[in-house]
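>>> what follows is a predicted protein model with its sequence.
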Amino acid sequence: MPVYQVSQSGPLRGEVIVPGAKNSVLKLMAASLLASGQTEITNVPNILDVDIMAQLLERLGCEVIHDKTNQKLIIAVPEKIGHKADYDLVRQMRASIAVLGPLVARCHEADIALPGGDAIGSRGLDIHLSGLEKLGCEVTNEHGYLIVKAPNGLKAEQISLDFPSVGATENVVMAAVLAKGTTVVDNVAREPEIVDLCEMLNKMGAQISGIGTSTLEITGVSELSPTNHEVVTDRIVAGTWAAAAVITQGDIFIKNAKTQHLELVVSKIEATGAQVKQLAEGLQVTMTGRPQAVDIMTLPYPGFPTDMQPQFIAINAIADGTAMVTENLFEARFRFVNELARLGADVKINGHHCLVRGKESLSGAPVEATDVRAGASLVLAGLVAEGETTVHEIHHIERGYANFVENLQKLGANIERII
Ligand code: EPU
């Protein structure tokens with residue numbers, strides 16, 4: 001299995017370009033199923049998860065052309081699509097569950113293998129399913145598959161989500177766009193990736209209002225048409241580069257980073273002592289000296305993103321002071337902390353809190369990426385650890401970070417991908 005060999009590096013300096021967001025493009029690809037014809041998606045990141053979602057769409061009868069040079073996807077959706085998402089693909093990527101809403105909307109039935117993906121907690125589907133049941137679906141669980149059927153079609157309802165789940169919001173919205181009547185969904189997730197999805201759906205002819213707020217009103221239409229859409233830039237990749245500047249005491253221009261999607265992250269980056277300059281085309285993050293420890297508490301957007309929590313634990317591990325990091329979304333995300341401890345970090349977990357006492361230095365060791373963000377954070381820690389760090393299970397990192405090693409090398413990092 002390939003690994004990343006990381007050695008202690010000096011300050012990272014230079015420019016990186018932030019691509020389209022993983023957590024948007026996968027849902028936009030699923031949304032293409034809602035209309036027969038040719039959808040074109042641009043600003044597509046070159047990551048493994050896009051290839052897995054492309055295979056899933058092909059199994060459902062679509063033709064997918066992924067033009068990696070131009071970061072473009074062309075998806076041709078037939079009149080009649082399949083309704084089964086097979087285990088071999090769904091187990092590789094939990095985001096496959098995003099086809100559920102479009103399939104019940106188009107076919108009035110969907111057989112979806114129960115998903116796997118990141119090992120970051122139980123990640124139930126109850127909120128997805130109770131939303132779809134309100135719209136008229138019947139759900140059973142047979143032999144590891146969710147069998148979802150809407151024998152009388154989908155009908156609008158008032159829905160209040162128990163929690164602003166990103167995935168549940170997406171599935172309910174993608175089902176409601178073709179339901180009869182006006183659905184009002186309360187307590188929805190408000191992430192920029194949800195806004196991106198709703199904007200693409202409206203371009204396809206959907207009638208969604210309240211976009212970006214916690215209540216969406218969706219008036220069903222009888223059919224949608226294909227469209228062209230550019231993926232919103234990846235705020236988590238941008239935040240990861242900001243963390244790289246802080247931890248290595250570097251100076252990085254993060255092109256295409258959107259501050260309006262990163263407000264809390266930027267304020268926490270500044271709290272470490274870094275300077276953040278908003279420029280016309282992105283963010284310049286400059287750090288001189290050892291970072292200050294910063295407390296973090298994850299919450300749904302616009303709260304501090306769980307997807308930036310491991311990067312801040314890595315910063316806190318070498319910071320001046322002690323920080324409390326509280327994880328409110330995915331309890332098992334702290335699995336990564338044990339790997340960081342292998343590098344000598346002083347970390348103590350109590351339930352969903354992690355106490356990090358900053359140390360002057362870390363010491364390189366073999367470690368294992370437990371999920372995509374954990375993997376990136378172990379690489380960041382490896383860049384400032386004495387000696388060599390070997391990061392295993394890098395497929396997790398490559399699921400979400402395009403050209404990660406090449407970008408790091410361009411910034412001056414000592415990192416190699418070894419096959
Ligand atoms: N939850 C339930 N029941 C449900 C749905 C969610 O209990 O029916 C719980 C989950 O177990 C979790 C919490 O609610 O504890 C949040 O889950 P949510 O549905 O909001 O997250 P998701 O859709 O599974 C997406 C991103 C994650 C990101 C979260 C939160 C994708 C493909 N994944 O997951 O991204 O952390 O939203 O912002 O969009 C990553 O990119 O590293 C990643 C894990």
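Okay, I see it. All figures in this text were calculated on a predicted structure; none of them were measured in a lab. Numbers count the residues shown, from 1 in each chain.
>>> show me where the protein has helices.
If DSSP state H is used as the criterion, the helices of the chain fall at 22-31, 48-59, 87-90, 100-107, 126-134, 166-176, 192-203, 235-247, 263-271, 309-317, 335-342, 372-384, 395-398, 404-410.
>>> ok, which of these comes nearest residue 13?
Among the helices of the chain, the nearest to residue 13 by Cβ to Cβ is helix 235-247 (8.7 Å). No exception for glycine: its C-beta is placed from N, CA and C like everyone else's.
>>> what helices or strands is the closest one leaning on?
Judged by 3 or more Cβ pairs under 8 Å, 6 or more residues apart in numbering; DSSP states H and E, helix 235-247 is in contact with helix 22-31, strand 251-255, helix 263-271, strand 282-286, helix 309-317, helix 372-384.
>>> near the ligand at all, the last one?
This means helix 372-384. Yes: counting by Cβ under 6 Å from any ligand atom, the ligand has neighbours in helix 372-384: 372, 373.
>>> likewise the fifth one?
No: using Cβ under 6 Å from any ligand atom, helix 309-317 stays clear of the ligand, coming no nearer than 9.2 Å.
>>> hmm, back to that, which of the helices of the chain has the lowest average pLDDT?
Sorting these by mean pLDDT places helix 87-90 lowest, at a mean of 91.
>>> thinking again about what came up before, make JSON lines from the helices of the chain and add mean neighbour count to it.
Converted to JSON lines, the helices of the chain look like this (neighbours: other Cβ atoms under 10 Å):
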{"stretch": "helix 22-31", "mean neighbour count": "27"}
{"stretch": "helix 48-59", "mean neighbour count": "20"}
{"stretch": "helix 87-90", "mean neighbour count": "17"}
{"stretch": "helix 100-107", "mean neighbour count": "27"}
{"stretch": "helix 126-134", "mean neighbour count": "20"}
{"stretch": "helix 166-176", "mean neighbour count": "28"}
{"stretch": "helix 192-203", "mean neighbour count": "22"}
{"stretch": "helix 235-247", "mean neighbour count": "28"}
{"stretch": "helix 263-271", "mean neighbour count": "18"}
{"stretch": "helix 309-317", "mean neighbour count": "29"}
{"stretch": "helix 335-342", "mean neighbour count": "20"}
{"stretch": "helix 372-384", "mean neighbour count": "28"}
{"stretch": "helix 395-398", "mean neighbour count": "21"}
{"stretch": "helix 404-410", "mean neighbour count": "18"}
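>>> tell me which of the ones you listed lies nearest to residue 301.
helix 192-203 (7.4 Å).
>>> close to the ligand: what parts of the stretch 251-400 of the chain are there?
Within the stretch 251-400 of the chain, the positions lying close to the ligand (Cβ under 6 Å from any ligand atom) are 306, 307, 329, 330, 372, 373, 400.
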